[in-house]
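Asker: Model the following, please.
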Amino acid sequence: MSVEAYMEACNAYYYATRDPLGTAGDFTTAPEISQMFGELVGAALADAWRRAGAPGSAHYVELGPGRGTLAADALRVMRPAGLTPSVHLVETSPILRAAQEAAVPGARHYDDLSTLPDDGPLLLVANEFLDALPIRQHVAGAERHVTLTPAGLAFDRDGPILETSPVRDEAVKELAERLVRQGGTALLVDYGHERSAPGDTLQAVKGHRFAAVLDRPGEHDLTSHVDFQRVAEVAADAGASVAGPVEQGSWLERLGIQMRARALANAAPHRAADIEEARARLCRPDAMGSLFKVLAIHAPGWPRPAGL
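Answerer: Coordinates of the predicted model:
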């Protein structure tokens, strides 16, 4: 089967059968590291909404919302700004849907973008969503496949690799077209590279460690680095405006994460060291600060989101 089909099948089973997050899982995302991340996402979306004229019938949308932690933190910050959007979560995992329902009561669930509301602006966030969408790999113009050999699974060809992701392109195109029609803004946060470049970025993670991509199919989280140049090109071709990408650490600092960290530490001095450790993990170049990027896609009539 193609690398694309292999990745799709493995991740479909993986996410349907477990909660992969946290210390007991396979990886930890930014919202699980600190409430500061979700709060600043919420503040950025609320600020964009207010500068756009505070239009009614706004919808908060999250793609791949994990346990609902980011949504809960973002919505808590939106309320004092006068923003109480309806909540729509794109999630296929029944295990994660249950966690999201507990964290964000009343949220509506969807299997994909196609059935989201079309009657108002979208305030959307996708944190570590695009990296899990399947990719194709090509070697010397031929598509790479996974084959079964007497020794187990193996790739059918090796050499310099070029990666593409038609599924990712289609998701970004559909999102951008919706924003152009309905208004709104989307914040895409993920790890990846600013410029398109060849190379093998397919990776597997298990128990917070890298694992072999072809080992124990369906038991590892399979991801690839996001090509942000390609994402921006697809969105612009669909008529949307694009801002970024910028490094996550720089973006959070521009939004005031240091001030927020001080406020949390002053309110709970016994947690000051933990709060600073979380801030550093989100922002330091040798942690998540440089590898993770933030790209905004917004309707042409909407303002550029803060920090970008």
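
Asker: now the strands for the stretch 1-150 of the chain?
Answerer: 59-63, 86-90, 108-110, 122-127, 136-139, 142-143, 146-149 (DSSP state E, counting those that start in this stretch).

Asker: Adding mean pLDDT, write the ones you listed out as a markdown table.
Answerer: As requested, the strands of the stretch 1-150 of the chain are arranged in a markdown table below (pLDDT from 0 to 100):
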| stretch | mean pLDDT |
| --- | --- |
| strand 59-63 | 98 |
| strand 86-90 | 98 |
| strand 108-110 | 97 |
| strand 122-127 | 98 |
| strand 136-139 | 98 |
| strand 142-143 | 98 |
| strand 146-149 | 96 |
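
Asker: would CSV of those with mean neighbour count and distance to Ala204 be doable?
Answerer: To be clear about C-beta, it is placed using only N, CA and C from the backbone, and glycine gets the same treatment. Listed next are the strands of the stretch 1-150 of the chain as CSV, based on neighbours: other CB atoms under 10 Å; distance: least, CB to CB, whole Å:
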stretch, mean neighbour count, distance to Ala204
strand 59-63, 24, 22
strand 86-90, 20, 24
strand 108-110, 15, 27
strand 122-127, 25, 20
strand 136-139, 18, 14
strand 142-143, 12, 20
strand 146-149, 12, 13
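
Asker: Glu276 is nearest to which of these?
Answerer: Set against Glu276 and scored by CB to CB, the strands of the stretch 1-150 of the chain come closest in strand 122-127, at 21.9 Å.

Asker: What number of residues are in the vicinity of the residue nearest to His138 when sequence neighbours are not counted?
Answerer: Leaving aside its sequence neighbours, His138 sits nearest to Leu162 (CB to CB, 6 or more residues apart in numbering; 4.7 Å). Using other CB atoms under 10 Å, Leu162 has 16 neighbouring residues.

Asker: before we move on, back to that, can the strands of the stretch 1-150 of the chain go into CSV with extra columns for distance to Ala43?
Answerer: As requested, the strands of the stretch 1-150 of the chain are exported to CSV (distance: least, CB to CB, whole Å):
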stretch, distance to Ala43
strand 59-63, 13
strand 86-90, 17
strand 108-110, 23
strand 122-127, 12
strand 136-139, 37
strand 142-143, 43
strand 146-149, 43
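
Asker: closest to Met1 out of those?
Answerer: Per CB to CB, nearest to Met1 of those: strand 146-149, 5.7 Å.

Asker: Now find how far off-centre the helix or strand that contains the residue nearest to His138 is within its chain.
Answerer: Element membership for Leu162 (DSSP states H and E) is strand 161-164. Remark: strand 161-164 is offset 21 Å from the chain centroid, using CA atoms, centre = their mean, to the nearest Å.

Asker: Show the subsequent helix or strand relative to it.
Answerer: Heading C-terminal from strand 161-164 (DSSP H and E), you reach helix 166-182.

Asker: helix, strand or coil for Leu188?
Answerer: Secondary structure, DSSP: H, G, I helix; E, B strand; the rest coil: Leu188 is strand.

Asker: unless I'm mixing things up, it is touching Leu130, no?
Answerer: Yes: with contacts counted by CB atoms under 8 Å, Leu188 reaches Leu130, the gap being 6.4 Å.

Asker: just checking, Glu219 touches Gly207?
Answerer: No: using CB under 8 Å, Glu219 is not in contact with Gly207, being 10.4 Å away.

Asker: So between these two, which is more surrounded?
Answerer: Glu219 (15 against 11).

Asker: Pull the number of nearby residues for Leu113.
Answerer: Leu113 has 17 neighbouring residues, counting by other CB under 10 Å.
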